[in-house]
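Q: Sharing a sequence plus its predicted fold:
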Amino acid sequence: MIYANEYGTVDLLAEQFLQSLKSDKGTIGVKLSGGADTALLLHLLAKEISERNLNFSIVPYTFNDKPDRFIVAQNIIHEVAKTFPKVKFEKHQYDEISPPYRKVFDKWALKLTRQYDIVFFTNGVNLPAPEEAITINKELAKFVGTREAPRNYDTQDLERIGIQDIPEYSPFKDVDKRFTAQLYEDEFLLETLFPLTRSCLGSAEVTDYHEKPCKICYWCEEKYWAFGQYDAIG
Ligand SMILES: [Zn+2]
């Protein structure tokens, strides 16, 4: 279905994309960070599966880039599963992560393709906030859009490790976080799903041991730029 607002257009699971897949059934590997973009992606995928009677199940997987990240992700999964009870969720997968990140992603891509009949992987990667919107972390704002940034793990990476017929689908790659924020409003998710999301990657020292957002990391800046608010709690 086409989702459009003043910040862009995304045709999620377009017919052309579905036809390019190796199968019209199987499992979607959803990289769920617990941030606003991946939470929205999980919600919209479940909505598409439910409303279009698609034959896909979902396996969400999470890397603990903060100690409680898998719990944040589980709360999001619970909320989406409650909203779309017809959709089948496989057991949530999660793991620790440390550099080099692409190696960890490689390991997990191989593990998940062995364990499930993965038809495609997907992620919530979008355009970074423009430099002028970011006051503290201009360098990171520039870096996150480059191919070298770990978050931009893509189909080429999967092919590099021998996974040939399973794409990494990035439906938000041409829109920025303002598009995400507008969709939260349009889909009535600001009171339900949004408060469960966490973007801040600040250290324990600047977040009272993850009790509150740091308000200075790139992810805090980006969330505030798009939504006008920080994480509800740390
Ligand atoms: Zn932060």
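A: Received it, and whenever you're ready, just let me know what you need. The structure displayed is predicted, hence computed values, not measured ones.
Q: Show me the residue sitting in the middle of this protein in space.
A: The chain has residue 38 as the residue nearest its centroid, 2.4 Å off, counting by C-alpha atoms, centre = their mean.
Q: Now find how far off-centre the lowest-mean-pLDDT helix or strand in the chain is within its chain.
A: Here the helix or strand of the chain ranked lowest by mean pLDDT, DSSP states H and E is helix 138-143, holding a mean of 90. Remark: helix 138-143 is offset 19 Å from the chain centroid, using C-alpha atoms, centre = their mean, to the nearest Å.
Q: Show me what counts as buried in it.
A: Neighbour-count burial for helix 138-143 flags 140, 141 (criterion: 16 or more other C-beta atoms under 10 Å). The way it works is simple: take the backbone N, C-alpha and C, and place the C-beta from them, glycine included.
Q: same deal with stretch 74-84?
A: Residues 74, 75, 76, 77, 79, 80, 81, 84 are the ones in stretch 74-84 that count as buried (16+ other C-beta under 10 Å).
Q: was I right about the last one contacting residue 50?
A: What it means is residue 84. Yes - the pair residue 84 and residue 50 passes the contact test of C-beta atoms under 8 Å, sitting 4.5 Å apart.
Q: Tell me if the least confident helix or strand of the chain is near the ion.
A: No - judged by C-beta under 5 Å from the ion, helix 138-143 and the ion are separated, with a smallest distance of 11.4 Å.
Q: Give the other helices and strands that the following helix or strand past that helix contacts.
A: Downstream of helix 138-143, the first helix or strand assigned by DSSP states H and E is helix 155-160. Judged by 3 or more C-beta pairs under 8 Å, 6 or more residues apart in numbering; DSSP states H and E, the packing partners of helix 155-160 are helix 101-115, strand 168-169.
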